[in-house]
Structures are given as C-alpha cells and as structure tokens.
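>>> I need the structure of the sequence given here:
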Amino acid sequence: MKKVSLLSLVIAVVSTFISCKKDGPQGPQGAQGASGPSLSGSLVGYMDLYDSYGYMQKSDSVVISVVGKSNTAISDSTGRFTITNLTTGIYEIDFNKTNYQSTKLPSVNFIGGGTQYMGQSGAKIQMTKIPTFSLSTAAIATTTSSVTYTISASTTDTKPRKIIVFCGTHSSVSSSPLNYLTTTINNIAIGNISCTGTIPLNTIYDLGFVSGQTAYFIAYPISVANNASTYLDVSTWKTIYNNINVNGATPTFSILVP
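Next comes the predicted model:
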C-alpha cells in the first residue's frame, strides 16, 4: 500500500479549503466594542520664565487653563503647577502671565487614573517677556549667491538683543497671521544699533521662488530666549512666535529674485 506523508496530507487539506472558498459579499460588521474608561487624575508640569534678554526669572503666578474646561492652576515659586480633576482626553493648555507673552500646548494627551507629568525627561514649559525696543530701518541687497540684509534698531543697548526676519511671497508677510515661508534670527551685539544677516539664494529657490518673482521680508524684535513662548500650529505646521514685539517691526522690504 502506498503511504501518504503527513506534509502531503496537510497540503491537500489546505488546497481543498482554498478551492472551496467563494468570493461574495461580506457579512455585516460586528458591533464596535465599548470605548475605554474615562479616568480622572492630575496633570503636573513646570514653568521656566525669562526676561527679554534671556535671564531666568521667578516662575510663579503663571495662570494655566484647560481650553473648554473649568480646570485651572497657578504655578508656585518653583514653577510647579498641578491641574486637578482632569478626565481622560486630549486637551489644549494655555499659559498666561501679566507682561509675558502667552503660550500654549495644543494637543496634550491625558490618560488619567493618577498623576501624569507634562513633557518628557524633565522638560519645562517656557515663557518670556516681550522685547520693548523697536526696529527703525531695513536694507537689503542681492549678489550672485546670497541675499544680505541689514536691520537697524531705534536705540543701542548695554545687553545683547535679537531680531527675527520673516520671508514670504506676499507684501502682507507677517508673523500673525502666518503669512511666511521661513524665518532667520540674528543678534544685535552689545552697544550696536544694527545687525546683518545672509540668506543663500539656493535657500530662496528651495522655498519655491523663481527668477523675476518678488520675495518679501519683515523683521521684528524677539526675545533672546527665542525658543520660549513658541509652539507649532497644527493646522499649518508653522511655528507661532509669541515672544516678538509686533509693534516694533520694520516696514516690509523686498527683493526681485535674480
């Protein structure tokens, strides 16, 4: 009698199953399972505050609020705050203090069921005072390889300062609304009234500009701790700079892209 191996038998069974399977309409989808539980707990975080020159300040009295909720907190002398009785969900958190520019965290995923710490590896939420100086003039020129601009302030200072330049395709280029493509930040040295910055023409072309098109610029005073009070606008994926003096901006200036 001819013997049939176990492997041959398995292959035969599988082949029979596949050949018998019919294509056709699928049955109705089963009921969706219940959503996870809604748990309550506390959200803890820490603040770092700076003046417009980048020096650390006391981090107390920051008002923290959950958008759309009544949950609020105030930071203590160490910068610590605790939002209590928060339930499971994704929240937008606002941070405000008098004489400081506000900031926010747009998508905080709170799990609940205990105490959750905001940020990772000890990261803190930063806020800074708005610079008080103004910018008076701007000059710009092009070469075969770069765009060079010079920005002047209205006064000198005994401390270093910073400016931020926004570049865009329209004469309404600005920080708010977000009518810009890119930004550059430059330093005004101690005792100086102006600073000079350079943008490679290849960077201009990479932004989508073509020869003969007009590129527009505007400059603002920005706090020395320039990464403080900034956050990402999730609808445009552009950075919102809340630490600039919008009233101290230069007039818009432009170049014709070579």
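
>>> and the nearest residue to I244 once chain neighbours are set aside, what helix or strand is that in?
Leaving aside its sequence neighbours, I244 sits nearest to Y220 (C-beta to C-beta, 6 or more residues apart in numbering; 4.2 Å). Placement of C-beta: from N, CA and C, glycine included. Element membership for Y220, per DSSP states H and E: strand 214-222.

>>> And that strand, what's buried?
Neighbour counts using 16 or more other C-beta atoms under 10 Å place A215, Y216, F217, I218, A219, Y220, P221, I222 of strand 214-222 among the buried residues.

>>> Extract the residue ranges of this structure that are flagged as low pLDDT.
Applying pLDDT under 70 to the chain picks out residues 1-36, 119-122.

>>> hey, where'd the helices end up in it?
Here the chain has its helices, by DSSP state H, at 6-20, 201-206.

>>> Now for N179: which residues touch it?
Neighbour list for N179: G168, H170, S172, V173 [criterion: C-beta atoms under 8 Å, 6 or more residues apart in numbering].

>>> Out of those residues, flag the one nearest to I244.
V173 (13.7 Å; C-beta to C-beta).

>>> tell me the contacts of the closest one?
Here V173 is in contact with F166, C167, N179, Y180, Y216, F217, I218, T252 (C-beta under 8 Å, 6+ apart).

>>> Go ahead and confirm the second one touches A219.
It stands for C167. No. Between C167 and A219 there is no contact under C-beta atoms under 8 Å: 10.3 Å.

>>> coming back round to it: what separation do you get for the residue nearest to I244 and S146?
22 Å (C-beta to C-beta, to the nearest Å).

>>> follow-up on the earlier one: what two of the contacts of N179 have the greatest distance between them?
G168 and S172 (7.9 Å).

>>> Is F95 bridged to anything, and to what?
I64, T103 (DSSP bridges).

>>> That one: neighbour count?
24 (other C-beta atoms under 10 Å).

>>> Identify the residue nearest the most centrally placed residue in the chain in space, chain neighbours excluded?
Nearest residue to the geometric centre of the chain (C-alpha atoms, centre = their mean): L232, 2.1 Å. Nearest residue to L232, sequence neighbours excluded (C-beta to C-beta, 6+ apart): T239, at 6.0 Å.
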